[in-house]
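Peer 1: Kindly generate the corresponding structure for this input.
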Amino acid sequence: MSDVQDELLRTLTKVANALRSAEIPFALTGGCAGYARGGPASEHDVDLLVREQDAAEAVRVLVQRGLRAAEPPEDWLLKVYDGDSLVDLLFRPNERPVTDEILAMAEELPVGSVVLPVMPATFVLSSKLLVLDGHRCDFSELLPFARALREQIDWDQVREETKHSPYAEAFLVLIERLEIIGRGNGIRAVPRGKPA
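Peer 2: A predicted model of the protein is given here:
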C-alpha cells in the first residue's frame, strides 16, 4: 500500500469518527468504496455521500476537528482537506439528491481500521460512468474496478441507469469485448441484438 493510500485511510478514519460523533449520516462511495469491496486502491480522494441538509454541518464538524474547508466550483458537493488529502462531501452527484433511501443501500464493511457504511459496487460504477463526457473520458481506472468487482455488480441495473450516456455504453461494450464480463460467465453488459 502506498503512502498516499495510507494517508487517505487515516483521513477516512478521522472523518468517519467525526461524522458519527455528530450523528451525521453518510456513506462511502467512489474509489475508496471500491477498495473496501476488494477493488483497486484509490489514491485520489475520499468521496462520501451526505444529505444536502447535512452537508454544511458536516463541514463545520470537520473543520472543528482540524480539517480545512475549500470552496468548490461545483454546486453539488462541498470539499475539505486533511493535510493534502481531499474529502468530497457529495450531496447531489449526477443531479441525484442523496436521500435516506440512498444511504440505506450502504452496508457496513471494514475499511482500514474502521467499519463504515459502503455503497454497493453497482451504485459506485454507475456513478463513475455518469460523470464521463467529452472532456473526461478515461477508462483506465474504470477497467480495473470493473474487473475486480464484476461479480458484485448488477450489470442490468448499470445498463439501465446509464442508458442515456454514449460514454457509458462505450465502456460496457469495451469490457464485454475484453471479456471482463460476458461470454465466459453469462453476464453481459450489452444485450444481444434481435436475430434478423
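Peer 1: contacts, neighbours, all on C-alpha from now
Peer 2: Will do.
Peer 1: Can you mark which positions in stretch 82-97 are buried?
Peer 2: By 16 or more other CA atoms under 10 Å, the buried positions in stretch 82-97 come out as 82, 85, 86, 87, 88, 89, 90, 91, 92, 93, 97.
Peer 1: contacting residues around that stretch?
Peer 2: 7-8, 11, 44-52, 55, 66-68, 76-81, 98, 127, 130-131 (CA atoms under 8 Å, 6 or more residues apart in numbering).
Peer 1: longest helix anywhere in this protein?
Peer 2: Ranked by number of residues, the top helix in the chain under DSSP state H is helix 3-21.
Peer 1: so who does the residue nearest the centre of the chain touch?
Peer 2: Most central in the chain under CA atoms, centre = their mean is residue 30, positioned 1.9 Å from the mean C-alpha point. The contact partners of residue 30, by CA under 8 Å, 6+ apart, come to 46, 47, 48, 124, 128.
Peer 1: Which segments of the protein make up each domain?
Peer 2: When the chain is parsed into structural domains using automatic domain parsing, the resulting residue ranges are 1-119, 120-196.
Peer 1: residue ranges with poor pLDDT in this protein?
Peer 2: 1, 183-196 (pLDDT under 70).
Peer 1: returning to that earlier point: columns distance to residue 157 on top of the contacts of residue 30, output as TSV?
Peer 2: What follows is the contacts of residue 30, written out as TSV (distance: CA to CA, whole Å):
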residue	distance to residue 157
46	25
47	22
48	22
124	12
128	14
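Peer 1: Return the subset of those lying in strands.
Peer 2: For the contacts of residue 30, the ones inside strands are 46, 47, 48, with DSSP state E as the criterion.
Peer 1: Chain neighbours aside, what residue packs nearest to the second one?
Peer 2: With CA to CA, 6 or more residues apart in numbering as the measure, residue 88 is the residue that lies nearest to residue 47, at 4.9 Å, once sequence neighbours are left out.
Peer 1: how close does that neighbour get to residue 15?
Peer 2: From residue 88 over to residue 15 the distance is 11 Å, taken as CA to CA, to the nearest Å.
Peer 1: Next: residue 50.
Peer 2: Applying CA to CA to residue 50 and residue 15 gives a distance of 12 Å.
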